[in-house]
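Asks: The following comprises the amino acid sequence and a computationally predicted model.
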Amino acid sequence: MTEATSLLREPWERLERQRQAGKFGIWVFLASETLFFGALMLTYAVCRVEHPDAFAAAGRETNIWFGTINTAILLTSSLTMAVASQAAAENGRSRRLILVCLGATAALGLAFMIVKGFEYKEDIEKHLLPGAGFALRQPAAQLFYGLYWLVTGVHAIHLTIGIVLVVRLVLLGAARQIRLRGSPELEVTALYWHLVDVIWIFLYPLIYLPGRAS
Amino acid sequence: MTDAALADELPFPPRADYLRAGSTLLSWLATTDHKRIAILYALTITVFFFMGGAAITAVRVELFVPNGWFLSSDTYNRLFSFHGIIMVWFFLVPSIPNTFGNFLLPLMIGAPDVAFPRLNLFSWYLTLVGGIFAVYTLVAGGVDTGWTFYTPFSTMFSNTHVLTAAAAVFVVGFASIATGVNFIATTHMLRAPGMTWFRLPMFVWSIYATSIVMVLATPVLAISLMLVIAERWLGLPIFDPARGGDPILFQHLFWFYSHPAVYIMVLPAMGVVSEIIPCFARRRLFGYDFMVYAIVAIAGIGFFVWGHHMFVSGQSPYASLIFSFLSFVIAVPSAIKVFNWTASLYRGQISFNSPMLYALGFVGLFTTGGLSGLFLASIPIDVHVTDTYFVVAHFHYIMVGGSVSAFFGALHFWWPKITGKMYPESWAQFAAITMYFGFNMTFLPQFVAGYLGMPRRYHTYPAEFQVYNVMSSAGAAVLAAAYLLPLMYLTWSLFHGLRASGNPWGATGLEWTTTSPPPPHNFDIQPLVDRPPYQYHAEGQSAGTDSPEVQNARSLR
Amino acid sequence: MNAIFTLPEASTQAVRVDGILAVLVIVSALTLALVFGLIVTFAIRYRRGSDAKRGPLPEIVNREFEVGWTAATFFLFAFLFWWAASADVGALTAPARALEVHVLAKQWMWKTQHANGAREIDELHVPIGRPVRLVMTSQDVIHSFFVPAFRIKQDVVPGRNTETWFQATKLGVFPLFCAEYCGTNHSAMRGRITVMREDEYARWLSAQPEGDDLAHVGAKLFVSEGCSGCHAASSGVHAPKLEGLYGRTVQLSDGRQVRADDAYIRDSMLQPKRDIVAGFEPIMPSFAGLLDDGEIQSLTAYIRSLGQEQGHD
């Protein structure tokens, strides 16, 4: 009983209710994140409708290999996260399985960031930073890249927060400071991770496919 | 007889209330008690209120004469910008939700705290961090973009501290979102047994609707400011016309948040008024169901009218027509609320304590402001009066005449509950009446000045507008005095006020069934709800038809 | 100019707008009277302890009643929308025979150009009774072209054209304001619209110099930017005279000598503390950020026009 009550927090009287509230809360937060990234994507959409050729030309300069590899990495990390979350929810699953899957999720997240780092480096070498000396001659291509740097940067910040949350769970869980099985925090972290993945799924075609889809 | 009243009779020693349960600084700064967090917020927004007020005092003094006398244009522009930013984001948006919402939401639904108490404290710290950015902006010399940060002036031309100002608002926006998430979860998950949705007090409905707006609208503000920061600081082109950007896109993003934001500022005020009027008319709220639908309708439709801020921006005329139509539509639920508040007085037993004076003042001023909104919803009139003092008058009638009056009404109504003290009633009534007259003196002339053509954000103006500016500035002096009065007598009451009983007004509502001030966990025994709110008299009757004990149900202990 | 209590109705649109205003004022006044009246009546009649009749509520006050007044309010507001919207839709596009005027807004002045090339600064002369279409853009930030007497306003945006139109119905001079906050001198960005009779307008138009005249523009800037405050002959401030300056050798306070060419004049405006003229105090304010390249050009042309010495070597 002690382990269950150690997870229980004010103002809740039952752990089940607290878990439900955590899930409910994170879904509401995800709604706000939808509006957050939605506004960014709307901005992109408006600019693209106003400058289709420049966006197509700019889109062709992105590195579709890096983008696709990263998509595969992130989708896999969502898989490992889903396994971890499912294992935590079911009875009779080993604690080790949860820890390994969480660890894999964090590692894949880090892999994404590393690949992204290489991609950014290449973008800079190709003079794809808006400003004087920009690689493409259409002014609106700079607009595409302005949005590119911003959107991928914001996504990366969200991913970093996710990695930190997952690593925290791994460390505290491995040291038995918190109980992972049935943990409301794990559920909340899992849902957040899936959101970051879904956002990327929307970003991928917007960044890598313009000018390439014919 | 309430459970709390019974508990009082039992021979247990008195227990510390939430104010006295821990008196170290750390017990306040690390609290997770929603009531203490409410007090922390109250102190914070009071400081910001007077900072924003000081800025506009300088502005109104400068506007006594047409060509300026002690401010440079640059300083003037920074002062009105600071006033707007502070008042909107650091006073009005958090005011009722984060003070009274925090304090009362769990109490009104019979819960021991909000759903995520640590997130609640985190919200307050985010507000502080945002506030630090804002104060830094001021100290470093200010920002001169207006509270609206329009591009490309903010991104490419202003020589002021746009980045820190935008960062301040960005950070405090996340406090808003966190609060919204918390309150929505609280309302869904922590209602006492028997507290069904249509037994909720109107204030809870208003906080709930406000929270939904906060959660869905504020992220778009965050993005619009982030884009400004990205363009200005990192040189990323977003709104730069030379590189294909569209400055009007910023306006769409900004107003998509900022119109619902005004409902964040007014819906809680409406909730407060719906609590006060039934109590002091000793009558049920007229048309409770329609009042709920009205709140939900205002919150929902409010997301689709943002273009009425942009009729002259170069927006498509067809879009303008749709926005105009929806702006007229959204006036309907507001009108319904005014009718219902009025009808709640019919056959009541009305007394004129200061909360009631503030509430009635709200109804008058909100109606005036709302009617001026009809003028603004009409495109040909708006083309003439937008960006003039007519608009300034309109939104001050709603936000100051409305929300601030309701804030003071709430402050007086729940002061006994929050502090356990009564304030001196005649001073409060005097302040309420002075506020009402000072307010009208300040802002009524601005409608006229605006229609006659005085643009807003003008440091200097043509001489023929001086008479209106002098009237307005004189009124502002009266209004300022009226705001200082409660600061004085309410503080006085903390030390010398009479001790308040659990229910000094004889009001319905679960918050009144516990002690004043409440214990840390709100209720000694979990409340059970078996009736709708505002049961001031029997069904189908009016006030004064019940027994004297019910009519005069003020607990004396 | 405006009188203190009334605004002239000086355009066809003004009459329409004032008509809608009048109706809305009446509707508002009636509504306010109703609400205030009821509140005051109830407050007095049903004050605590009064002997007014209370008890069961009248049967008429029921759900149908509420639906009824909701519907009535909705229909009233829908009617008001329709009526205002039709006035708007009717005024959307300028008539085909409209006179076209181009407007360029910049911090902090209005430049207008007539079809024949005639240019004005902070002024616009138009004939009475003829529709005038304004095609506008901004050189920098968003401004707004606002003529209260005509009841017109239109934001002026960089990177695109916006349009509005009016037909003046009264002779006279009417103020023009910038109505979109645009920086330091937003409230000084004013002008005058002069409405003349057709024949006077024709005469005025033919008398205007066509095309560009930079020195002329510069002369106006010299005053509007405040240069004349110190550099005019009548100024009490001890500042270098500009007559005959252009091309002359100037003695500086640090002993150097420089020639007053375009670069020197430009630097004097943007970095006045760099090269101080001998015998003068370093009190000239910098105009960096306040003058753009076009204005510096115009001012230089004006200073050149004040008389110049032939360049040496």
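Replies: Cool, the structure landed.
Asks: okay, B:T545: pLDDT?
Replies: You'll see B:T545 listed with a pLDDT of 66.
Asks: Would stretch A:19-33 count as contacting chain B?
Replies: Yes - Stretch A:19-33 reaches chain B (C-beta under 8 Å from any C-beta of the partner chain) through A:20-21, A:24-25, A:28-29, A:31-33. Heads up, the C-betas are built off the backbone N, CA and C, glycines and all.
Asks: quick one: average pLDDT of that stretch?
Replies: 93.
Asks: Now do the buried residues in it.
Replies: Judged by neighbour count using 16 or more other C-beta atoms under 10 Å in any protein chain shown, the buried positions of stretch A:19-33 are A:19-26, A:28-33.
Asks: now stretch B:62-73
Replies: Buried residues in stretch B:62-73, counting neighbours by 16+ other C-beta under 10 Å, are found at B:62-63, B:65, B:68, B:71, B:73.
Asks: Out of those, name the ones that lie in helices.
Replies: Using DSSP state H, the members of the buried residues of stretch B:62-73 that fall within helices are B:62, B:73.
Asks: Contacting chain C as well, which ones from the buried residues of stretch B:62-73?
Replies: Counting by C-beta under 8 Å from any C-beta, the members of those near chain C are B:S73.
Asks: Widest-spaced pair of the buried residues of stretch B:62-73?
Replies: Greatest spatial distance among the buried residues of stretch B:62-73 (C-beta to C-beta): B:V65 and B:S73, at 14.0 Å.
Asks: Switch the buried residues of stretch A:19-33 over to JSON lines; also include distance to B:A331 and secondary structure.
Replies: Shown next, in JSON lines, are the buried residues of stretch A:19-33 (distance: C-beta to C-beta, whole Å; DSSP: H, G, I helix; E, B strand; the rest coil):
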{"residue": "A:R19", "distance to B:A331": "43", "secondary structure": "helix"}
{"residue": "A:Q20", "distance to B:A331": "39", "secondary structure": "helix"}
{"residue": "A:A21", "distance to B:A331": "37", "secondary structure": "helix"}
{"residue": "A:G22", "distance to B:A331": "40", "secondary structure": "helix"}
{"residue": "A:K23", "distance to B:A331": "38", "secondary structure": "helix"}
{"residue": "A:F24", "distance to B:A331": "34", "secondary structure": "helix"}
{"residue": "A:G25", "distance to B:A331": "34", "secondary structure": "helix"}
{"residue": "A:I26", "distance to B:A331": "36", "secondary structure": "helix"}
{"residue": "A:V28", "distance to B:A331": "29", "secondary structure": "helix"}
{"residue": "A:F29", "distance to B:A331": "32", "secondary structure": "helix"}
{"residue": "A:L30", "distance to B:A331": "33", "secondary structure": "helix"}
{"residue": "A:A31", "distance to B:A331": "28", "secondary structure": "helix"}
{"residue": "A:S32", "distance to B:A331": "28", "secondary structure": "helix"}
{"residue": "A:E33", "distance to B:A331": "32", "secondary structure": "helix"}
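Asks: and those residues near chain C, which?
Replies: With the criterion set as C-beta under 8 Å from any C-beta, no member of the buried residues of stretch A:19-33 is near chain C.
Asks: The closest residue to C:K111 other than its chain neighbours: helix or strand, and which one exactly?
Replies: Leaving aside its sequence neighbours, C:K111 sits nearest to C:L104 (C-beta to C-beta, 6 or more residues apart in numbering or on different chains; 4.3 Å). Applying DSSP states H and E as the criterion places C:L104 in strand C:99-106.
Asks: try C:V258
Replies: Here C:V258 sits within strand C:257-259, counting by DSSP H and E.
Asks: Parallel or antiparallel, which strands does that strand pair with?
Replies: Paired neighbours of strand C:257-259 in the sheet (DSSP bridges): strand C:249-251 (antiparallel).
Asks: Please tell me how far the strand it pairs with is from the chain's geometric centre.
Replies: With C-alpha atoms, centre = their mean, to the nearest Å as the basis, strand C:249-251 stands 41 Å off its chain's centre.
Asks: State the mean pLDDT of it.
Replies: On average, the pLDDT along strand C:249-251 is 89.
Asks: contacting residues around it?
Replies: Strand C:249-251 has contacts (C-beta atoms under 8 Å, 6 or more residues apart in numbering or on different chains) with C:257-260, C:264, C:275, C:277-278, C:312.
Asks: Please name the residues that touch residue 127.
Replies: Just going to use chain A. Counting by C-beta under 8 Å, 6+ apart, A:H127 has contacts A:133-135.
Asks: Wait, chain B was what I had in mind.
Replies: Contacts of B:T127 by C-beta under 8 Å, 6+ apart are B:41, B:44, B:90, B:94, B:98, B:172, B:175.
Asks: Of these, just say which sits nearest to B:Q446.
Replies: Nearest to B:Q446 among the contacts of B:T127, counting by C-beta to C-beta, is B:F90 at 23.4 Å.
Asks: which residues of chain C score low on pLDDT?
Replies: The model of chain C has pLDDT under 70 over residues C:1-3, C:210-214, C:308-313.
Asks: ok, which residues in it are in contact with chain A?
Replies: So chain C never meets chain A (C-beta under 8 Å from any C-beta).
Asks: Give me the domain ranges for chain C.
Replies: Domain assignment for chain C, taken from automatic domain parsing, gives C:12-90, C:99-207, C:214-305.
Asks: who does the helix or strand encompassing B:F280 touch, helix- and strand-wise?
Replies: Here B:F280, judged by DSSP H and E, is contained in helix B:247-281. With contacts taken as 3 or more C-beta pairs under 8 Å, 6 or more residues apart in numbering or on different chains; DSSP states H and E, helix B:247-281 sits against helix A:15-50, helix B:93-94, helix B:202-234, helix B:288-301, helix B:317-343, helix B:354-377, helix B:405-419.
Asks: Give the rounded mean pLDDT of it.
Replies: 97.
Asks: What residues sit buried inside it?
Replies: B:247-281.
Asks: repeat for stretch B:151-163
Replies: B:151-158, B:160-163.
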